[in-house]
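**Student:** Mind folding the following:
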Amino acid sequence: MPAKIDFSQVRVLIVDPNPLSIELTCDVLAMMGGLTARRCLTTDRALHVLRSEPVDIVITEWNTAPLNGLQFIDYVRNSPQSPNRLLPILLMTARSEQPYVVQARDRQTERLNLLSERLCLEDLETLSFDRSGNCLRG
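**Tutor:** Below is the predicted model of the structure:
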């Protein structure tokens, strides 16, 4: 049985225009061991946080503003002003039909985990973290 991962030092940025969805996501993350979650209702605010604070992983909703989730991912991956182009990003959406999944996958240059409906603990547990809680690319 693998050792339990200590998520207490992992810094998560949650981007979702729905405060209730943010709270539900935070509750799921808390069940994993007290991750530090920064909450943003807009992608503008999320980009400010990315530029000013350390973040280990981003969880974003598809339907965000002023940039939608795919545009936000494009910015993080491709903009010269992006603070971390390799930042792990999880995209949450209720859109599970193949055209949406393909569109989301194609926006990612390296890796995209599409979470359909609700956040799944199994998806987060497959990420690798070092002893300091920093997310490692797998």
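
**Student:** Okay, and the beta partners of Glu61?
**Tutor:** Met92 (DSSP bridges).

**Student:** thought it was touching Val15?
**Tutor:** Yes. Counting by C-beta atoms under 8 Å, Glu61 does reach Val15; the two are 6.5 Å apart. Every residue, glycine included, has its C-beta placed from N, CA and C.

**Student:** overlap in contacts of these two?
**Tutor:** Gly69 (C-beta atoms under 8 Å, 6 or more residues apart in numbering).

**Student:** okay, the two: which has more neighbours?
**Tutor:** Just comparing Glu61 and Val15: by other C-beta atoms under 10 Å the higher neighbour count belongs to Val15, 27 against 22.

**Student:** ok, that one to Glu97 distance?
**Tutor:** 22 Å (C-beta to C-beta, to the nearest Å).

**Student:** Centre of the chain to the helix ranked longest in the chain, how far?
**Tutor:** Determined from DSSP state H, the single longest helix within the chain is helix 19-31. Relative to its chain's centre, helix 19-31 lies at 13 Å (C-alpha atoms, centre = their mean, to the nearest Å).

**Student:** heads up, I number from 308, so please use that
**Tutor:** Yes, from this point I'll number from 308; that puts the last item at helix 326-338.

**Student:** Which neighbouring elements make contact with it?
**Tutor:** Helices and strands touching helix 326-338, by 3 or more C-beta pairs under 8 Å, 6 or more residues apart in numbering; DSSP states H and E, are strand 318-322, strand 343-347, helix 428-432.

**Student:** 6 Å instead?
**Tutor:** strand 343-347 (3 or more C-beta pairs under 6 Å, 6 or more residues apart in numbering; DSSP states H and E).

**Student:** Output the contacting helices and strands for the strand it packs on.
**Tutor:** Counting by 3+ C-beta pairs under 6 Å, 6+ apart, strand 343-347 packs on strand 318-322, helix 326-338.

**Student:** Against Leu394, how distant is Thr350?
**Tutor:** Taking C-beta to C-beta, one finds Thr350 at 14 Å from Leu394.
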